[in-house]
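Trainee: pasted the sequence and its predicted model underneath.
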Amino acid sequence: MQNLPPLRRRFALTAAACAFLAFLPALGGGFLNFDDDKNLIENADFKKGFSEPSWMFKPDPFGLTIPLTWASLSLDRLLWGQRPFGYHLQNLLWHTLATALLYFLALALIRGREEEGPPERLGALAAALFFGLHPLRVESVAWITERRDSLSLTFLLLSTLAYLRHGAGTPRAYTASLCAYALSLAAKPIGMGQPFLLLALDRYFLKRKAYKEKLPFLLLSILTGALVYQGIRGAEKTAILEPFNPLQHASYCAYGLVYYLRKTLVPSALSPLHPNPPHLNPLEPHFLASGAAAALLLAVFWKWRRHRGVWTAGLQYLLGVAPVLGIARNGPQLVADRYSYLSCLGWAVLAGAALSSVLRRVPESARPALLKSARVGLCALALGFIFLSWDYCGVWKDSRSLWSHVLSLHPDSHMAHNNLGVVDMKDSRLKEAERHFRAALSAQAADWTAASNLGSALLLQGRAAEALEPYRTALALKPGHAQTRSNFGAALLQMGDMEGAVREFSEALRLKPDWVTAQKNLESARELRKKGGAVRLGL
């Protein structure tokens, strides 16, 4: 950055500093029982770190192959152990770097072949601030597991900047662009549409045709898509999803297409989870409104197809949002705020370009006053977004505040009830935990995790007889879950069914051969069966 013009460097650092400040409260957050626990605390592969790095290339539970993200998280574990501060710090640093890079990209696109001046610099700063400080970014920054968003975007921006330099005639920039793109896909395969965006940059900004240059990018994209497809096919489903007919599927996708743009304009009622409805009715008002808005959005996009800014921003939005629209549904969410991280990047640049265009068009005599007003407006925008982002970061402080917030917006979320019940159970608030698990099962009878957790909450209260039924329900839905098998064995043992307990502990060990707790429980059950008397069991 030291070789950059001073003003350009100063503006980029300003954007980065504001982004760092906006998400500063995230540094006080902990690990959440929202995948952080499974990925970073209980994950046996993650504990291998760099000693056996081959595990980083295996698909995660959602079917994504993200070795670069795993490597960055393993570095945190090496430096910080199980202290969450360091993990959050790296998340925040990647986001601030992405914000600074966006300033340079926005400046390059807004400036084009024109000479750089205050209107262009202010427009680029507006784009960087609008993206980097927006409260929609909180989920990707404050949630450790979602490190992949900022890491992937950083390398995608580097790839795009290098490609623009290549188009301007800089040697070796093409190789740098391709390598950065590969790293972006290795962090998160969300940028698979990049080859088509590069075509738009060629046509509208570089004024050149270089189709063959996109073939290596396209090959990387296709290979990544194949890996994602294979991974999703073998992934553990994260929700009980009802089959959709074509009309329901269209409504589902239309809702997502409109949602991220709507929340960009009005960032209210943000949530870590927006649950799938139990039964999607396309005739409900919000789905009908989304369908009409999606049709209008596509019509406007087509009408303005000759406007390079609108076309490029719209194309970038469609390419960024397409992989997460729900065409292939694999999760408990109807939409997710984190999906705006890449997809809404183009709208921020378009907003900055619009500001720059207005500043350029005014007469020279009126420009100083308008530039001053623009600076004041950007300060107001930054302060407003910083306030909103600070406030929303508080929701992500710990698991209790996270799921309590979800329930305040979605009282019938079975996932939120279940996860809040887990927090209560760890805090020995067993009655409250039982209430949440029952509420989760009331909302979704096929939630085997809630059934299993309800059994454990009852067992810990000394109500082994009542625990048997929820355990049986959980095992009927998920017969291969070792933890539930072992806990069911503990309940049977407390009820005097020693043969049944030995059977369940043995099955738990078959499913998870290296599990020490199940092994000890089995030995204790056999000892009790042989000698009689009380033994101590682990859950």
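Mentor: Perfect, thanks for sending it.
Trainee: do a quick rundown of the helices in the stretch 201-350 of the chain.
Mentor: All helices of the stretch 201-350 of the chain, identified by DSSP state H, counting those that start in this stretch, fall at 215-234, 246-265, 285-303, 308-321, 340-343, 345-361.
Trainee: quick check: which of those is nearest to residue 55?
Mentor: When these are compared by CB to CB, helix 215-234 sits nearest residue 55, at 14.4 Å. From N, CA and C alone the C-beta is placed, and that goes for glycine too.
Trainee: and the closest one, which residues are buried?
Mentor: 216-218, 220-221, 224, 227-228, 231-232 (16 or more other CB atoms under 10 Å).
Trainee: where does the chain have low pLDDT?
Mentor: Residues of the chain meeting the criterion pLDDT under 70: 1-4, 234-242, 327-330, 531-539.
Trainee: would you map out the domains in it?
Mentor: Domain assignment of the chain by automatic domain parsing yields the ranges 6-394, 399-531.
Trainee: helices of the stretch 401-539 of the chain, start to end?
Mentor: Going by DSSP H, counting those that start in this stretch, the stretch 401-539 of the chain shows helices at 414-426, 430-443, 448-460, 464-477, 482-494, 498-511, 516-531.
Trainee: now the buried residues of helix 215-234 in CSV, with distance to residue 390?
Mentor: Below are the buried residues of helix 215-234 laid out as CSV (distance: CB to CB, whole Å):
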residue, distance to residue 390
216, 42
217, 38
218, 42
220, 38
221, 37
224, 36
227, 38
228, 35
231, 36
232, 36
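Trainee: tell me which of those is nearest to residue 318?
Mentor: Distances from residue 318 to the buried residues of helix 215-234, taken by CB to CB, are shortest for residue 221, at 15.1 Å.
Trainee: so who does the closest one touch?
Mentor: 185, 192-195 (CB atoms under 8 Å, 6 or more residues apart in numbering).
Trainee: in helices only, show me the residues you listed.
Mentor: 185, 194-195 (DSSP state H).
Trainee: still on that earlier bit, nearest to residue 16 among the buried residues of helix 215-234?
Mentor: Of the buried residues of helix 215-234, the one sitting nearest to residue 16 (CB to CB) turns out to be residue 217, at 27.6 Å.
Trainee: how close does the residue nearest to that closest one when sequence neighbours are not counted sit to residue 133?
Mentor: Leaving aside its sequence neighbours, residue 217 sits nearest to residue 195 (CB to CB, 6 or more residues apart in numbering; 4.1 Å). Separation of residue 195 from residue 133 (CB to CB, to the nearest Å) stands at 30 Å.
Trainee: those two - which one has more neighbours?
Mentor: Shown here are residue 195 and residue 133; by other CB atoms under 10 Å, residue 133 has more neighbours (24 against 21).
Trainee: the closest residue to the more buried one other than its chain neighbours sits in which helix or strand?
Mentor: For residue 133, ignoring the flanking residues on the chain, the nearest one in space by CB to CB, 6+ apart is residue 385 at 3.7 Å. Following DSSP states H and E, one finds residue 385 within helix 367-393.
Trainee: let me have the helices of the stretch 401-539 of the chain in CSV, extended by mean neighbour count.
Mentor: Shown next, in CSV, are those (neighbours: other CB atoms under 10 Å):
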stretch, mean neighbour count
helix 414-426, 24
helix 430-443, 20
helix 448-460, 25
helix 464-477, 19
helix 482-494, 25
helix 498-511, 20
helix 516-531, 17
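Trainee: looking at those helices, which is closest to residue 350?
Mentor: Using CB to CB, the nearest of the helices of the stretch 401-539 of the chain to residue 350 is helix 414-426, at 35.1 Å.
Trainee: which strands and helices sit next to the closest one?
Mentor: strand 274-275, helix 399-409, helix 430-443, helix 448-460 (3 or more CB pairs under 8 Å, 6 or more residues apart in numbering; DSSP states H and E).
Trainee: what is the orientation angle of that helix with helix 448-460?
Mentor: Orientation check (axes from the mean of the first three to the mean of the last three CA atoms, to 10 degrees): helix 414-426 against helix 448-460 gives 20 degrees.
Trainee: who's in contact with helix 414-426?
Mentor: Defining contact as CB under 8 Å, 6+ apart, one finds that helix 414-426 is touched by 33-34, 239, 273, 275, 332, 399-400, 402-404, 406-407, 410, 430, 432-437, 439-441, 443-444, 447, 449-450, 453-454, 456-457, 460.
Trainee: so how many other residues sit close to the closest residue to residue 342 other than its chain neighbours?
Mentor: Spatial nearest neighbour of residue 342, chain neighbours left out: residue 320 (4.3 Å); criterion: CB to CB, 6+ apart. For residue 320, the tally of surrounding residues (other CB under 10 Å) stands at 26.
Trainee: residues in contact with residue 320?
Mentor: Neighbouring residues of residue 320 by CB under 8 Å, 6+ apart: 190-191, 193, 342-346.
Trainee: out of the residues you listed, the closest to residue 179 would be?
Mentor: When those are compared against residue 179 (criterion: CB to CB), the nearest one is residue 191, at 13.8 Å.
Trainee: count the neighbours of residue 371 for me.
Mentor: Neighbours around residue 371, by other CB under 10 Å: 16.
Trainee: my bad, should have said residue 184
Mentor: What residue 184 shows, counting by other CB under 10 Å, is a neighbour count of 28.
Trainee: please apply the same query to residue 253.
Mentor: So residue 253, with other CB under 10 Å, has 19 neighbours.
Trainee: mind listing the helices for the stretch 51-200 of the chain?
Mentor: 67-80, 84-111, 118-132, 138-142, 147-167, 173-187, 194-201.
Trainee: closest to residue 509 out of the ones you listed?
Mentor: helix 67-80 (28.4 Å).
Trainee: which residue is the nearest non-sequential neighbour of residue 275?
Mentor: Per CB to CB, 6+ apart, closest to residue 275 is residue 413, 4.7 Å.
Trainee: typed the wrong thing, it's residue 351
Mentor: Leaving out its chain neighbours, the residue that sits closest to residue 351 by CB to CB, 6+ apart is residue 130, at 5.5 Å.
Trainee: list the contacts of that neighbour.
Mentor: Per CB under 8 Å, 6+ apart, neighbours of residue 130: 348, 351-352, 381, 385.
Trainee: neighbour-wise, which one of these leads?
Mentor: residue 352 (28 neighbours).
Trainee: separation between it and residue 110?
Mentor: With CB to CB as the criterion, residue 352 and residue 110 are 6 Å apart.
Trainee: who touches both of the two?
Mentor: Contacts common to residue 352 and residue 110, judged by CB under 8 Å, 6+ apart, are 123-124, 127.
Trainee: ok, these vs residue 162, which is closest?
Mentor: Distances from residue 162 to the shared contacts of residue 352 and residue 110, taken by CB to CB, are shortest for residue 124, at 17.9 Å.
Trainee: share the number of residues neighbouring that closest one, please.
Mentor: 30.
Trainee: was I right to think it contacts residue 100?
Mentor: No. Residue 124 lies out of contact with residue 100 (CB atoms under 8 Å); the separation is 10.8 Å.
Trainee: returning to what we had before: tabulate the contacts of residue 221 (JSON lines), appending distance to residue 163.
Mentor: What follows is the contacts of residue 221, written out as JSON lines (distance: CB to CB, whole Å):
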{"residue": "185", "distance to residue 163": "15"}
{"residue": "192", "distance to residue 163": "16"}
{"residue": "193", "distance to residue 163": "14"}
{"residue": "194", "distance to residue 163": "9"}
{"residue": "195", "distance to residue 163": "10"}
